[in-house]
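1. I need the structure of the sequence given here:
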Amino acid sequence: MGHVTIAAEMCSLYRFRDLLRTHGDLLLVILLCVGVFFLQVLHLHEAAFPVTDEGSHAEVGRMIVEGFAPYRDFYYPHPPLLPLLIGSGLQLFGGMYPIRFIYLLLNVTSAIPLFLILRRLTGDRFGAVIGVMMYLTYSEMVHHDFRFLALRQLSNVLVIAFASMGILCRQWKYRSSIETVLASLTALLLYPATVNIALLSLLIILRESTKQQRAAQLRHYAAVGSVTIAFLLLFYALVPGSFDQTFLEHFGLPTMSRWGRIQWVMDSDPRDLFFYGSTTASLLLSTALLRGYRWLSLCALSMIGAIFLPAEFWPHYFVTAAFAFAVGAALLPTLLRRMLPVRTVIIPWTIALLILALHIDRTLPSLLAEWNGNRGGDYHQIVAQLRTYPEPVLTFMEPIYAIDAGKKLTQHPYRATRFTTAHMSSLHHINASQFLLLAEDACTIFLTGWDRSFLPPEVLQNWMKLYEVVSDDPRILLTHNPHCS
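-> Next up is the predicted model:
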């Protein structure tokens with residue numbers, strides 16, 4: 001019996017070693033994702049970042065499930081998928097925390113298929129791990145979009161899922177249907193992300209080795225694209241105002257100069273600048289030096305370049321190209337092996353690890369500080385205070401406080417976020433008398449420091465005389481209408 005036990009233990013040991021040899025990189029990525037998820041979920045209940053658009057998306061979603069028609073009853077400059085998901089989640093769970101939990105889980109676990117995609121595209125297990133590690137510690141994305149419900153990070157989840165179908169599950173009989181659903185959902189979420197879908201489709205076509213295979217893939221993606229476009233046109237036809245507000249009106253916005261955009265990026269956080277510089281330089285050099293990865297590099301560079309094309313531009317739009325930056329990071333070891341006149345892989349690996357270490361050294365302290373703290377300061381105390389006062393609530397710049405408190409909002413055309421206005425022109429030239437009328441339908445007036453920056457001073461003084469001032473500090477003014485029960 002003793003010999004049998006020893007033999008069984010030896011077999012188990014060999015199986016474990018074989019598992020590490022064949023799937024050790026995947027196990028490492030899974031453990032990394034578990035660790036990152038644990039770090040962020042540990043204090044998720046304390047997390048707050050009120051200045052994002054999360055509150056506006058959530059309020060739009062709540063209005064939709066309550067029967068308001070988007071684009072007809074209120075202005076919303078995006079497709080409706082994210083608000084629909086948030087609104088449904090609020091109906092189902094009764095609060096924001098479960099929705100944020102699911103959103104965070106999707107964002108982190110999507111790094112696992114991303115790793116498999118990078119490994120398949122580059123043929124480099126080590127490089128794929130580097131790419132995923134830099135992806136999961138991309139400061140701009142993790143700070144703003146991983147835990148707080150955002151359009152661009154959710155689009156990354158859909159893009160990764162779409163790429164998985166064409167790169168990892170090519171022979172699956174349901175591939176075409178799932179790709180069509182994913183492409184259609186992306187179109188209903190964020191139009192710029194459909195560029196990534198198109199570029200990935202082109203990459204998969206060009207990776208085929210024969211003309212016949214390329215032609216077959218071209219027909220396949222032409223069908224997927226045609227159905228997606230037809231679905232989007234059906235959405236425009238069935239939902240009046242959707243085409244104007246989500247598409248046409250964006251062309252009328254003021255355009256920042258191309259050089260101004262580049263200068264804005266150059267002035268961005270040094271942590272992100274190092275990340276952008278190292279990954280983009282890798283893509284540029286790979287295009288020139290790695291012939292077998294030229295189409296992959298060009299596809300990734302096109303994803304980055306497409307961000308500069310629309311009239312609107314903000315530095316956090318680069319989150320949409322997180323997949324492309326991960327490709328650049330994953331190509332680093334292969335590129336270094338080509339550039340360095342050495343036979344051993346130790347030196348290229350060491351340099352790649354050094355670049356990763358420099359990136360993590362720059363980003364991890366701030367990420368750990370955020371993951372283990374409450375970015376919103378007294379956010380939750382304010383939400384708890386709001387729960388004790390009657391609704392509806394009149395608020396402007398940051399509706400997330402009232403939404404987290406479960407309070408209905410007064411609907412008005414002057415929300416500074418522009419997400420509940422019937423006409424964009426209504427946002428301008430608002431006089432003091434119009435502001436004063438808004439308070440007549442409200443039982444609680446909730447203002448933040450941002451609101452004070454655009455509210456006429458006489459309106460603020462008038463409200464403070466008419467209503468009970470519950471709290472008045474440099475950040476928050478909360479007033480309660482004494483006539484409400």
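
2. From here on, just use CA atoms for contacts and neighbour counts.
-> Noted.

3. Residue 470 belongs to a helix, doesn't it?
-> No. Using DSSP: H, G, I helix; E, B strand; the rest coil, the secondary structure at residue 470 is strand, not a helix.

4. residue contacts, residue 152?
-> By C-alpha atoms under 8 Å, 6 or more residues apart in numbering, the residues touching residue 152 are 145, 190, 193, 317, 319-320.

5. Please identify which of those is nearest to residue 401.
-> Checking the contacts of residue 152 against residue 401 with C-alpha to C-alpha, the nearest one is residue 145 at 18.0 Å.

6. Phi and psi next, for residue 269.
-> phi -60, psi 130 (degrees, to the nearest 10).

7. no no, residue 479
-> Dihedral angles for residue 479 - degrees, to the nearest 10 - are phi -120, psi 150.

8. Any idea what it is bridged to?
-> Under the criterion DSSP bridges, residue 479 forms beta bridges with residue 445, residue 469.

9. That one - how many residues pack around it?
-> Residue 479: 24 surrounding residues under other C-alpha atoms under 10 Å.

10. cool, and the one 3 residues further on?
-> Look at residue 482: counted by other C-alpha under 10 Å, it has 12 neighbours.

11. Likewise for residue 59?
-> By other C-alpha under 10 Å, the residues close to residue 59 number 22.

12. Residue 401 is in contact with that one, correct?
-> No. Between residue 59 and residue 401 there is no contact, the gap being 10.8 Å when judged by C-alpha atoms under 8 Å.

13. what's the neighbour count on the closest residue to residue 65 other than its chain neighbours?
-> In space, and not counting its chain neighbours, residue 65 is closest to residue 87: 6.1 Å by C-alpha to C-alpha, 6 or more residues apart in numbering. A count of nearby residues for residue 87, using other C-alpha under 10 Å, gives 26.

14. Identify the residues contacting residue 87.
-> Residue 87 neighbours (C-alpha under 8 Å, 6+ apart): 58-65.

15. between the residues you listed, which is nearest residue 477?
-> For the contacts of residue 87, the nearest to residue 477 is residue 59 (20.9 Å; C-alpha to C-alpha).

16. would you say that closest one is within a strand?
-> No. Using three-state DSSP, the assignment for residue 59 is helix, not a strand.

17. Nearest residue to it in space, ignoring adjacent ones along the chain?
-> Closest residue to residue 59 apart from its sequence neighbours, by C-alpha to C-alpha, 6+ apart: residue 403 at 6.9 Å.

18. Within the helices and strands, which one has the one you found?
-> Residue 403 belongs to helix 400-404 when assigned by DSSP states H and E.

19. One more: residue 83?
-> helix 81-93.

20. could you say what helices and strands whatever helix or strand comes next after that helix packs with?
-> Downstream of helix 81-93, the first helix or strand assigned by DSSP H and E is helix 96-109. Applying 3 or more C-alpha pairs under 8 Å, 6 or more residues apart in numbering; DSSP states H and E, one finds that helix 96-109 contacts helix 2-41, helix 81-93, helix 151-167.

21. Which among these is found nearest to residue 215?
-> Across the helices and strands packed on helix 96-109, closest to residue 215 is helix 151-167 (C-alpha to C-alpha), at 14.8 Å.

22. and the closest one with helix 96-109, angle?
-> Following axes from the mean of the first three to the mean of the last three C-alpha atoms, to 10 degrees, one obtains 40 degrees for the angle between helix 151-167 and helix 96-109.

23. returning to what we had before: give me the neighbour count for the residue nearest to residue 59.
-> The number of residues packed near residue 403 is 23, by other C-alpha under 10 Å.

24. Let me see the contact set for it.
-> By C-alpha under 8 Å, 6+ apart, the residues touching residue 403 are 55, 58-59.

25. Thank you kindly, that will do.
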